[in-house]
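[1] quick one: sequence and predicted model below, then my questions.
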Amino acid sequence: MILELDIGNSRIKWRRMSSDQYEVPTRGINADLGDFLNEQINYDKPSLIRMSNVSNDNKTKTIVEWAQLNWNIKPIEATVRRNCGGVEIQYADVSRLGVDRWLAMLAAFDKSNGPCLIVDVGTAFTLDIINEEGLHLGGYILPGLRLMADILVDKTGIRLDGKGLDSTLALGNSTHEAVRNGAVASLVALVEKKLGELARNNLDPKVFVTGGDATLLTALLNCVQSNVEEDLVLDGLVVACAAKSDAD
């Protein structure tokens, strides 16, 4: 059994995969590191632990020490590299690229085996494009849907009625609708604009959407055939950590 961890700023997403990597019998999300560790002690010892961390280094240190003490296993942590899994990063300093974005790109390129556009709709919204040769052309980072609304509330005093993100592309007939629909419309417009530009340059990428609001955004991309990938970052760990092990 393989344990894979995606450690974010506000939660730990994890799954336990069969060693052949075809089955995921157990998965979960924990908001608290202590809760995650307390839950894991109830499971059998994994044969391997793969992890990524965009949060503080203390979480990595705690998990590594816990795994070594309880299971005598040293986790493999993914770190961004310029070339991995056929993907080449153009950042001058690749350490400045978020490991979660990078892992999502590795997974998408592995699945598409060609050009792809990767969208992550979570606390932040990210969009990245990889061409047919695996070159990362660049990307965008914007506030996610909830963060856009929170910024408006915080900076302007706009009051929302507390309803959920039941957004559409329709013009809003209340402040709540105008804010929510405006946020999602801006993200949909950006994705469709970039796809239009790529099409004019004869690039037809596969579209992968992940993150907490992936289903909402995908439903509104009516002109695009896109794939919702719940575990895109975790899938990238398979590529990144396998390559790291080979390099070691």
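    Thanks, I have the structure now.

[2] only C-alpha atoms from now on, for both contacts and neighbour counts.
    OK.

[3] in which helix or strand would I find H136?
    strand 136-143 (DSSP states H and E).

[4] got the contact list for that strand?
    Outside of strand 136-143, the residues within contact range by C-alpha atoms under 8 Å, 6 or more residues apart in numbering are 87-90, 123-131.

[5] so which of the residues you listed is the closest to A107?
    Taking C-alpha to C-alpha as the measure, A107 lies nearest V87 of the contacts of strand 136-143, at 9.9 Å.

[6] so how many other residues sit close to that closest one?
    Other residues near V87 number 22, with proximity taken as other C-alpha atoms under 10 Å.

[7] on that earlier part again, return the strand holding H136 as CSV; C-alpha atoms alone will do.
    Provided in CSV are the C-alpha atoms of strand 136-143 (Å, rounded to 0.1, in the frame of the first residue of the first chain):
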residue,chain,number,x,y,z
HIS,A,136,5.6,25.0,-20.0
LEU,A,137,4.7,28.2,-21.8
GLY,A,138,3.7,30.0,-18.6
GLY,A,139,0.6,30.6,-16.5
TYR,A,140,-1.6,32.9,-14.4
ILE,A,141,-2.4,33.1,-10.7
LEU,A,142,-5.6,34.9,-9.6
PRO,A,143,-7.7,34.8,-6.5
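
[8] tell me how far that strand lies from the chain's centre.
    13 Å (C-alpha atoms, centre = their mean, to the nearest Å).

[9] got it, and stretch 172-184?
    Stretch 172-184 has its C-alpha centroid displaced from the chain centroid by 26 Å (C-alpha atoms, centre = their mean).

[10] ok, and for it, which residues are buried?
    176-184 (16 or more other C-alpha atoms under 10 Å).

[11] got it, and stretch 96-105?
    Here stretch 96-105 shows 97, 99-105 as buried, counting by 16+ other C-alpha under 10 Å.

[12] ok, stretch 23-37 next?
    Judged by neighbour count (16+ other C-alpha under 10 Å), stretch 23-37 contains these buried residues: 30, 33, 36.

[13] so what's the first one up against?
    For N30, the contacting residues are 11-13, 36, taking C-alpha under 8 Å, 6+ apart as the criterion.

[14] which of the buried residues of stretch 23-37 fall in helices?
    33, 36 (DSSP state H).

[15] let me know the closest of the buried residues of stretch 23-37 to D231.
    Distances from D231 to those, taken by C-alpha to C-alpha, are shortest for N30, at 15.3 Å.

[16] quick one, phi psi at the nearest residue to that closest one once chain neighbours are set aside?
    Among residues not flanking N30 along the chain, I12 sits closest, at 5.2 Å (C-alpha to C-alpha, 6 or more residues apart in numbering). Main-chain torsions, I12, degrees, to the nearest 10: phi -120, psi 120.

[17] who does I12 bridge with?
    Taking DSSP bridges as the rule, I12 bridges to I7, N30.

[18] correct me, but it touches A31?
    Yes. Assessed by C-alpha atoms under 8 Å, I12 is found in contact with A31 at 6.2 Å.

[19] could you report the neighbour count for I118?
    Applying other C-alpha under 10 Å, we find 27 residues neighbouring I118.
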